[in-house]
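[1] what shape does this take:
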Amino acid sequence: MAEIRKTYLKPADCALDMGDGSERGLYVNQDYILQKLRKVHRGISLMYTYYPTDEGWPGRASVVHKHNVSGAWDYPYEDYFPYKGGLNGNREDEPFNFMKEIRQHGMDVVLTMTINPHLEDEYLVSVAKDLRSYGRVLLRINHECTGNWFCYTKRATYPEIADFFVRFNKILKEYAPNVKTILCAGMWEKHTGKLEMEDIFLEAHKVADYWSGDNYLALHWGWPVDICTKETNSHACYDVDEIYEKAKNTYKRLKEITGQDKPFVLSELNADGDVTGAFEQSNMMRHFMERLEQDDEKWLSAFTFYQFRDDGRLGLEITDPNNSDVGIEQPMMQMYKEKIQSPFFSAKMESGEEISLPCKLRWGGAEDAEGVEVPLHFEKTPTFAELYFDEELIDLTMMIELGGYWFYKKAGTKCVDMMSLFFEKPLSKPTDMKLRFFLPPQDGMNYPEKGNADDAPNGDWMVNCYNVLPKLPTIRIENDPVALAKKYY
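    Predicted structure coming up:
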């Protein structure tokens, strides 16, 4: 038996999150995304809205408030999918079913919520309690809050919006300390050297756990009402380097005005193919990602690619207009798939001490987890590379990594075929690799009984989940076919 060692999952130099569903597209299941990209993200970004006291709630705005619209936000409340939890809500509905799936696939939930800023505390406390069982949640509250397009900006003044963020942040710290808040506010302006509305949102910047901004390299904001042409004025295209410097200066200015240093993320980033076409869209994003890799300052903690499948042209896939379950791959898919394999955008994995099994493993999230690793040697590209799980392992949920590719084992799955790695990356010489196993939450949720009760007054269960790996699966590596017919070529 080869030696078994602990392995530790650590943050990437710049983590990658993926947008999955919004007003512009439906949620795509994580099995499909993993098969397409072969790589897990740090987090999956979901976008929801919460206006529980409004007429028509919890119906989607574009369904219950149909009328002639002049833009995507011309409704009483935002046309994201309704958040079905909260006060008197249903925790078996959206987004909780998707949140469970995301965490089973070894990623964190990045939840954007537009919220009526005049809601009473009891509504916010209920939302906080909803989120306690989902590990490290990143919650972006009322994003792009210095703009004027979202519905909540039409209901409250900017100081009221800033105060609401501070109020909700305080409630989360009390009732759901596992949730980290993201403030997505104004960015640096070259003509002033300041952030947009920086005085108004100063206290919100100080209490937020993460700083953020949204900045597209090109965008057709008139979608879906008009068609983007040279004659329309509902689009823009920017210099990629100028956007890069704008974002970087936003982070520097935030440190200056708050006296703090916090992770800075770009919560929505892409170029819109409606404006540039699909090939230039890919080139612009490649240039931005390469600038990040080459920048010694390492100022950006993460960015969210918006999004996997889009009804317009802001996705790695666009939605087939004949069938919304089908995605049409764009040129950017292959570029992005290559770039996410870069060490700069990949979670670090550090080898630890030699251990024996069974072993209890901690899952704290996509940037903080314990696993086990075993060395494998390949003389050449194998014909078969498979893992078999017997009755002691069959009920475990696992994330498995080999050669930079990730594989998911659902509870009940008996065999995982890893040959897709070698289909795309055949070996040209004998190669050593490490096969790694991690145990994310079985059903995507954390429970008090699966935490360490001695770590804190209420245990550490809101952040950490512990499961036992009793042994390794049977590893089948075969260099040659089982049998061959006579030569026919």
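[2] tell me where the stretch 1-150 of the chain has strands.
    Using DSSP state E, counting those that start in this stretch, the strands of the stretch 1-150 of the chain run over 4-10, 15-19, 43-50, 81-82, 108-115, 137-141.
[3] can I get the ones you listed in a markdown table including mean neighbour count and distance to Tyr388?
    Every residue, glycine included, has its C-beta placed from N, CA and C. Output for those, formatted as a markdown table (neighbours: other C-beta atoms under 10 Å; distance: least, C-beta to C-beta, whole Å):
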| stretch | mean neighbour count | distance to Tyr388 |
| --- | --- | --- |
| strand 4-10 | 17 | 17 |
| strand 15-19 | 25 | 31 |
| strand 43-50 | 26 | 29 |
| strand 81-82 | 24 | 39 |
| strand 108-115 | 25 | 30 |
| strand 137-141 | 24 | 35 |
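[4] now tell me which helix or strand of the chain has the poorest mean pLDDT.
    The weakest-scoring helix or strand in the chain, judged by mean pLDDT, DSSP states H and E, is helix 61-64 (a mean of 89).
[5] buried residues of that one, list them for me.
    Buried residues in helix 61-64, defined by neighbour count with 16 or more other C-beta atoms under 10 Å: Ala61, Val64.
[6] who wins for proximity to Phe303 among the strands of the stretch 1-150 of the chain?
    The minimum distance between Phe303 and the strands of the stretch 1-150 of the chain falls on strand 15-19, with 6.8 Å, by C-beta to C-beta.
[7] pretty sure Met349 sits against Lys10.
    Yes. Met349 lies in contact with Lys10 (C-beta atoms under 8 Å); the separation is 7.2 Å.
[8] what is the subsequent helix or strand relative to the strand ranked longest in the chain?
    Counting residues, the longest strand in the chain under DSSP state E turns out to be strand 369-378. Going down the chain from strand 369-378, the next helix or strand is strand 384-388, by DSSP states H and E.
[9] quick one: list the elements packing against that following strand.
    Strand 384-388 sits against strand 415-417, helix 419-424, strand 474-478, with contacts defined as 3 or more C-beta pairs under 8 Å, 6 or more residues apart in numbering; DSSP states H and E.
[10] can you list the weak-confidence ranges in the stretch 201-350 of the chain?
    Applying pLDDT under 70 to the stretch 201-350 of the chain flags no residue at all.
[11] coming back round to it: got the helices and strands packed on strand 384-388 as TSV, with mean neighbour count and distance to Pro263 columns?
    Output for the helices and strands packed on strand 384-388, formatted as TSV (neighbours: other C-beta under 10 Å; distance: least, C-beta to C-beta, whole Å):
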stretch	mean neighbour count	distance to Pro263
strand 415-417	14	33
helix 419-424	14	31
strand 474-478	13	38
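[12] so Tyr75 touches Lys66, yeah?
    No. Tyr75 is beyond contact range of Lys66, at 9.3 Å (criterion: C-beta under 8 Å).
[13] when those two are compared, which one has more neighbours?
    Shown here are Tyr75 and Lys66; by other C-beta atoms under 10 Å, Tyr75 has more neighbours (21 against 9).
[14] before we move on, back to that, overlap in contacts, Met349 and Lys10.
    Counting by C-beta atoms under 8 Å, 6 or more residues apart in numbering, no residue touches both Met349 and Lys10.
[15] what about the helices in the stretch 51-200 of the chain?
    61-64, 96-104, 121-130, 158-175 (DSSP state H, counting those that start in this stretch).
[16] just so I know, which of those helices lies nearest Leu266?
    helix 158-175 (18.7 Å).
[17] check the offset of the closest one from the chain's centre.
    Relative to its chain's centre, helix 158-175 lies at 23 Å (C-alpha atoms, centre = their mean, to the nearest Å).
[18] list the buried residues in it.
    Using 16+ other C-beta under 10 Å as the test for burial, helix 158-175 gives Tyr158, Ile161, Ala162, Asp163, Phe164, Phe165, Val166, Phe168, Asn169, Ile171, Leu172, Tyr175.
[19] got CSV for the residues you listed, with pLDDT and distance to Ala247 too?
    Shown next, in CSV, are the buried residues of helix 158-175 (pLDDT from 0 to 100; distance: C-beta to C-beta, whole Å):
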residue, pLDDT, distance to Ala247
Tyr158, 98, 22
Ile161, 98, 22
Ala162, 98, 21
Asp163, 98, 26
Phe164, 98, 25
Phe165, 98, 21
Val166, 98, 24
Phe168, 98, 25
Asn169, 98, 23
Ile171, 98, 30
Leu172, 98, 26
Tyr175, 96, 32
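[20] OK, contacts around Phe288?
    Phe288 touches Leu217, Val240, Ile243, Tyr244, Leu269, counting by C-beta under 8 Å, 6+ apart.
[21] using the three-state scheme, assign it.
    helix (DSSP: H, G, I helix; E, B strand; the rest coil).
[22] and it, how close does it get to Ile182?
    Computed as C-beta to C-beta, to the nearest Å, the Phe288 to Ile182 distance reads 20 Å.
[23] with Pro95 instead?
    From Pro95 to Ile182 the distance is 16 Å (C-beta to C-beta).
[24] how close does Ser62 get to Glu23?
    Ser62 is 8 Å from Glu23, by C-beta to C-beta.
[25] mind listing what's buried in stretch 216-233?
    Tyr216, Leu217, Ala218, Leu219, His220, Trp221, Gly222, Trp223, Asp226, Cys228.
[26] among those residues, which two are most distant?
    Maximum distance among these (C-beta to C-beta): 20.4 Å, for Leu217 and Asp226.
[27] okay, and the common contacts of Ser62 and Glu23?
    Residues touching both Ser62 and Glu23 by C-beta under 8 Å, 6+ apart: Asp79.
[28] quick check: mean pLDDT of stretch 87-94?
    Computed over stretch 87-94, the mean pLDDT rounds to 94.
[29] what about it, start to end distance?
    The straight-line separation of the ends of stretch 87-94 (C-alpha to C-alpha, to the nearest Å) is 14 Å.
[30] next, the buried residues of that stretch.
    Result for stretch 87-94 [16+ other C-beta under 10 Å]: buried residues Leu87, Gly89, Glu94.
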